[in-house]
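Undergrad: sharing a sequence plus its predicted fold:
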Amino acid sequence: MFESLSERLGGVFDRLTKQGALSEADVETALREVRQALLEADVSLPVARDFVRAVKAKATGQAVTKSVTPGQQVVKIVHDELVRTLAGEGEPDALKIDNPPSAILMVGLQGSGKTTTTAKLAKRLKERNGKRVLLASLDTNRPAAMEQLAILAGQVGVDSLPIVKGESAVQIARRAKTQASLGGYDVVFFDTAGRLHIDEVLMDEIQAVRDIAQPRETLLVVDGLTGQDAVNVATEFDGKVGISGVVLTRMDGDGRGGAALSMRAVTGKPIRFVGLGEKMDALETFEAERVAGRILGMGDIVALVEKARETFEAEQAERMAKRFAKGLFNMNDMRSQLEQMMKMGGMQGLMGMLPGMGGVAKKAEAAGFNDKMLTHQIALINSMTKKERANPDLLAASRKKRIAAGAGLDVADLNKLLKQHKQMAEMMKKMGKGGMMKQAIKQMLGKGGMPDPSQMSPEALAEAAKGMKQGLSMGGGFPGMPRGMSLPSGLSGLMKKK
């Protein structure tokens, strides 16, 4: 989502940090480019203007221009201002779900992803907070809207209000409130109808539902691809209905991301969550500091550790680590690593969360190191027999032809995979001898399992990031992560060119 903005700002700051001493004129020139980059990213003009003015006031003083590292000082000031713009006066509180049945009213225009987001939030509250959730669709206009929510409720394992044809939104809201109270539910979601544009009929209906539901939270769901108009929609809904927070959807798309930067500054309402895909777990809490880090190419090591916690299976990880410590690394092990990478967001997703890896990620994509390549490699391994996966040395020319044909690929692709496997096996052997794998188990598994990133100090997170980056430059795994999570050889060459 922030790729173009990240690229533009990265270019500006690269020039600044390489200059050494900075004059006030240098800072002003750089800030003009920052302002232009923000406007091109669909940030509203008043927000971009206020942002640059605030940065300029802090960045043109003697403390910066006479600093030992003036370029880095300016980058820090921009980062802090980005955090302030995204977060407002402070990080938003958690969802108010403390008084059962807590009502959450979901509002927004048609096509913004309201219904899918409702199901995602329900799944999150059920799995992470242990809440009993009821979903109620109040959309009597869109064909099959109620059936859609019922199907999604089944997928995420929560209850949905039975559908009664012919009821109005107000009648459904009353029934949902009664059902939530009698059924002992902790949270009840009211998924309201949307329109293609804001009109009086839509607002009257939502206001009537709001008065019945008495929601603890009113969340506005906005399509992140709509640019500056998303801010206008938020302003309208807040003025006529009153919202407590915003959920930005399709933040994994190719939009320019300006809505996220403008939203908090213009409406004063916190961005609570961001949707990153169609899957039911593709929802993240919006944290200003981490988003600012991604925009400025500083990565998001917390998100990476969180993804690892969600996808690693402790017993399997420990078993794999013990195999690696003995120098054992066959094609089954390699397939597990490749599948793990795909679960954690693919190659580009992982590299995008590592500090300073934005440029390398783009070079890797251009050089063919992408998720498609990972899928091809998994297909090649799946095309092997059980014996061949356990002992790749068996692969003579005739076997290679059969495996490549079975995966629909060339023998050259298989040879690249075998070369990569050999390099990784050698690295695992060295790590096993040096005791690095034992240290990895101790660090990442221990008695309490994977560490909680929210409890890790900034120094610990920085150390983890450094270890992961070193792992990449070796063309191997991430030290400190037992299952290796190796990236293809060849990336080390790209990193050296960076």
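TA: Ah, there it is. Numbers count the residues shown, from 1 in each chain.

Undergrad: only C-alpha atoms from now on, for both contacts and neighbour counts.
TA: Fine.

Undergrad: remind me which residues of the stretch 151-300 of the chain are low pLDDT?
TA: Along the stretch 151-300 of the chain, the model assigns pLDDT under 70 to residues 227, 252-257, 293-294, 296-300.

Undergrad: where along it do the helices fall?
TA: Remark: helices assigned in the stretch 151-300 of the chain by DSSP state H, counting those that start in this stretch are 169-182, 200-213, 229-240, 258-267, 288-295.

Undergrad: same check on the stretch 1-150 of the chain?
TA: 3-18, 24-40, 45-59, 62-65, 70-87, 114-129, 145-156.

Undergrad: tell me where the stretch 201-350 of the chain has strands.
TA: Applying DSSP state E, counting those that start in this stretch to the stretch 201-350 of the chain gives strands spanning 217-223, 245-249, 271-275, 283-285.

Undergrad: so which of those strands is nearest Ala87?
TA: strand 271-275 (8.1 Å; C-alpha to C-alpha).

Undergrad: what's around Ala425, how many residues?
TA: Neighbour count of Ala425, defined by other C-alpha atoms under 10 Å: 21.

Undergrad: make CSV from the strands of the stretch 201-350 of the chain and add mean neighbour count and distance to Phe237 to it.
TA: Output for those, formatted as CSV (neighbours: other C-alpha atoms under 10 Å; distance: least, C-alpha to C-alpha, whole Å):
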stretch, mean neighbour count, distance to Phe237
strand 217-223, 25, 8
strand 245-249, 25, 11
strand 271-275, 24, 14
strand 283-285, 16, 22
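
Undergrad: of the ones you listed, which is nearest Asp139?
TA: So among those, strand 217-223 is nearest, using C-alpha to C-alpha, at 14.8 Å.

Undergrad: and the angle for the closest one with helix 200-213?
TA: If you take axes from the mean of the first three to the mean of the last three C-alpha atoms, to 10 degrees, strand 217-223 sits at 150 degrees to helix 200-213.

Undergrad: same for strand 217-223, what does it pack against?
TA: Where contact means 3 or more C-alpha pairs under 8 Å, 6 or more residues apart in numbering; DSSP states H and E, strand 217-223 is packed against strand 102-107, helix 229-240, strand 245-249.

Undergrad: got those as CSV, with distance to Gly277 columns?
TA: Shown next, in CSV, are these (distance: least, C-alpha to C-alpha, whole Å):
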stretch, distance to Gly277
strand 102-107, 19
helix 229-240, 18
strand 245-249, 8
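
Undergrad: quick one, which of these is nearest to Arg84?
TA: Comparing the helices and strands packed on strand 217-223 by C-alpha to C-alpha, strand 245-249 comes nearest, at 16.9 Å.

Undergrad: from what I can see Ile104 touches Phe189, true?
TA: Yes - with contact defined as C-alpha atoms under 8 Å, Ile104 counts as touching Phe189 (4.9 Å).

Undergrad: which one's more surrounded, these two?
TA: The residue with more neighbours, out of Ile104 and Phe189, is Phe189; 30 against 24, by other C-alpha under 10 Å.

Undergrad: tell me what the more buried one is bridged to.
TA: Ile104, Leu135 (DSSP bridges).

Undergrad: ends of stretch 212-223, what's the gap?
TA: Taking C-alpha to C-alpha, to the nearest Å, stretch 212-223 runs 27 Å from one end to the other.

Undergrad: with stretch 130-144 instead?
TA: Span of stretch 130-144 from end to end, C-alpha to C-alpha: 29 Å.

Undergrad: pull out the buried positions in that stretch.
TA: 131-140 (16 or more other C-alpha atoms under 10 Å).

Undergrad: so which of the helices of the stretch 1-150 of the chain gets nearest Glu278?
TA: Among the helices of the stretch 1-150 of the chain, helix 114-129 sits nearest to Glu278 (C-alpha to C-alpha), with 7.7 Å.

Undergrad: which elements pack onto that closest one?
TA: strand 102-107, strand 133-137, helix 145-156, strand 187-191.

Undergrad: try 6 Å
TA: Using 3 or more C-alpha pairs under 6 Å, 6 or more residues apart in numbering; DSSP states H and E as the contact test, no helix or strand touches helix 114-129.

Undergrad: quick check: Asp238 vs Arg389, distance?
TA: Asp238 is 59 Å from Arg389, by C-alpha to C-alpha.

Undergrad: what does Leu161 give?
TA: In terms of C-alpha to C-alpha, Leu161 sits 50 Å off from Arg389.

Undergrad: scan this structure for its longest helix.
TA: Secondary structure of the chain per DSSP state H: the longest helix is helix 411-433.

Undergrad: what about that helix, average pLDDT?
TA: Helix 411-433 comes out with an average pLDDT of 81.

Undergrad: go through that helix and flag the buried ones.
TA: 411, 414, 417-418, 420-421, 424-425, 427-432.

Undergrad: and for stretch 173-183?
TA: 173, 176-177, 179-180.

Undergrad: related to what we said a few turns ago, of the helices of the stretch 1-150 of the chain, which is nearest Glu284?
TA: helix 114-129 (9.7 Å).

Undergrad: could you check that closest one and say which residues are buried?
TA: Here helix 114-129 shows 114-126 as buried, counting by 16+ other C-alpha under 10 Å.

Undergrad: which ones are touching Asn415?
TA: By C-alpha atoms under 6 Å, 6 or more residues apart in numbering, the contact set of Asn415 is empty.

Undergrad: how near is it to Met331?
TA: With distances taken as C-alpha to C-alpha, Asn415 is found 13 Å from Met331.

Undergrad: leaving out chain neighbours, which residue sits closest to Arg32?
TA: Val52 (8.0 Å; C-alpha to C-alpha, 6 or more residues apart in numbering).

Undergrad: what of Leu338?
TA: Per C-alpha to C-alpha, 6+ apart, closest to Leu338 is Leu374, 6.4 Å.
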